[in-house]
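> Okay, predicted coordinates and the sequence, questions at the end:
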Amino acid sequence: MRQSRNVDSVDGCNGPRINPQRLYSPLIQEALNRWENELLYLSLDTSMLWNQYCLIRVAVVYRGRAVPVAWRVLEHSSSSVKIGSYFDLLLAVSRLMPDRVKVVLLADRGFINTQLMKYVLAELGWHYRIRIKSDFWLWRPGKGWSQVRDFHVLRGEALLLQNVWIHKTEYAWCS
């Protein structure tokens, strides 16, 4: 039996590469069209593979699990990639989302970027929840600038601040 490092053909899929998203997108879209909730959470994350490739993944959060709906692999030595690398992937995911659901994008602190937040809100019409560090700066009307660590929130509690500016160097209004 001959072994090969390159897969040129698998079960009738000819060509040097197989595009799994082209194959799975119709299945994913059909599953999402049957989504019964009014709210759908998506998780955006990156993972490093062999310290050479960065996997960017968007997953539906379902029953405490992340079920991938789209992904992209870049040859990159870090999990921090240019913000524009996410836009095409998020746009492709937006085309799979049912019109009747409110989409909330969840992400870790590595994704706190004003361009990303503007894109998610203005271009995709989604909402977002991005984790932030304790030294993150917020500006509130009538209160001025303060760091997240200045808010005394107990473990297990959440604090919702609306109509704030974020970042001292690159301002962005968040409502």
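All right, it came through fine. Residues are numbered from 1 along each chain as shown.
> Any stretches of the chain with poor pLDDT?
1-27, 29-36, 167-175 (pLDDT under 70).
> That one: strands as residue ranges?
Listed in chain order, the strands of the chain (DSSP state E) span 9-10, 13-14, 39-49, 53-62, 65-75, 102-107, 127-130, 137-140, 144-147, 164-166, 172-174.
> now the most centrally placed residue in the chain, nearest residue through space, not along the chain?
In the chain, the centroid-proximal residue (CA atoms, centre = their mean) is residue 44; its distance is 2.4 Å. Nearest in space to residue 44, with sequence neighbours left out and distances taken as CB to CB, 6 or more residues apart in numbering, is residue 107 at 4.4 Å. The way it works is simple: take the backbone N, C-alpha and C, and place the C-beta from them, glycine included.
> partner residues bridging the one you found?
In this entry, residue 107 is beta-bridged to residue 44, residue 130, by DSSP bridges.
> tell me the contacts of it?
For residue 107, the contact set (CB atoms under 8 Å, 6 or more residues apart in numbering) comprises 43, 44, 45, 128, 129, 130, 131.
> State the distance from it to residue 52.
From residue 107 across to residue 52, the span is 23 Å (CB to CB, to the nearest Å).
> Number of residues surrounding residue 149?
Neighbour count for residue 149, taken as other CB atoms under 10 Å: 11.
> Next one: it from residue 163, what distance?
Residue 149 sits at a distance of 21 Å from residue 163 (criterion: CB to CB).
> again with residue 122
Taking CB to CB, one finds residue 122 at 17 Å from residue 163.
> now do residue 53
Between residue 53 and residue 163 the computed distance is 40 Å (CB to CB).
> Those two: who's more crowded?
Legend: neighbour count by other CB under 10 Å for residue 53 and residue 163, higher for residue 53 (13 against 9).
> Residue 73 is in contact with the more buried one, correct?
Yes - at 5.3 Å, residue 53 counts as touching residue 73 under the criterion of CB atoms under 8 Å.
> Spit out the contact partners of residue 124.
Residue 124 makes contact with 90, 91, 94, 103 under the criterion CB under 8 Å, 6+ apart.
> Taking these together, which two end up most distant?
Put simply, by CB to CB the two of the contacts of residue 124 set farthest apart are 91 and 103, 12.7 Å from each other.
> who's more crowded, those two?
Counted by other CB under 10 Å, residue 91 and residue 103 do not tie: residue 103 has more neighbours, with 19 against 13.
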